[in-house]
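**Q** Prediction below, plus the sequence it came from.
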Amino acid sequence: MRDEIVEKLYNNEQYLDYLRRHPKWYYYLDLDPKYFTEFERVVKKTLKITTYDKLESIKRQVNFASAMVKYFTNPK
């Protein structure tokens with residue numbers, strides 16, 4: 001595996017952990033470094049760390065906070 005790929009992996013703990021749990025990626029990353037972008041995409045999608053996932057998380061938190069405020073301010 002090329003040094004720059006190894007460096008990228010060791011700089012990101014999540015990538016390294018995913019690689020250890022899914023060893024088939026060792027083959028692809030060793031075969032061609034161009035697979036690293038695909039590897040990143042798969043890791044982010046699997047671990048739900050894409051921009052979309054982060055926005056959805058914030059949206060759920062805001063909705064929860066809004067519901068709690070309505071619940072506590074609504075006299076019964």
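**A** Received, thanks.
**Q** quick one: contacts for the residue positioned nearest the centre of the chain?
**A** With distances taken as CA atoms, centre = their mean, the residue of the chain nearest its centroid is residue 49 (2.7 Å). Residues near residue 49 by CB atoms under 8 Å, 6 or more residues apart in numbering: 14, 43. All C-beta spots, glycine's among them, are computed from the backbone N, C-alpha and C.
**Q** Sketch out the low-pLDDT regions of the chain for me.
**A** Along the chain, the model assigns pLDDT under 70 to residues 75-76.
**Q** Would you map the helices across it?
**A** 3-11, 13-21, 24-31, 35-46, 51-73 (DSSP state H).
**Q** what would those helices look like in JSON lines with mean neighbour count?
**A** Shown next, in JSON lines, are the helices of the chain (neighbours: other CB atoms under 10 Å):
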{"stretch": "helix 3-11", "mean neighbour count": "12"}
{"stretch": "helix 13-21", "mean neighbour count": "14"}
{"stretch": "helix 24-31", "mean neighbour count": "13"}
{"stretch": "helix 35-46", "mean neighbour count": "15"}
{"stretch": "helix 51-73", "mean neighbour count": "10"}
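**Q** Backbone torsions only: list them for the residue nearest to the centre of the chain.
**A** Backbone geometry at residue 49, expressed as degrees, to the nearest 10, gives phi -120, psi 20.
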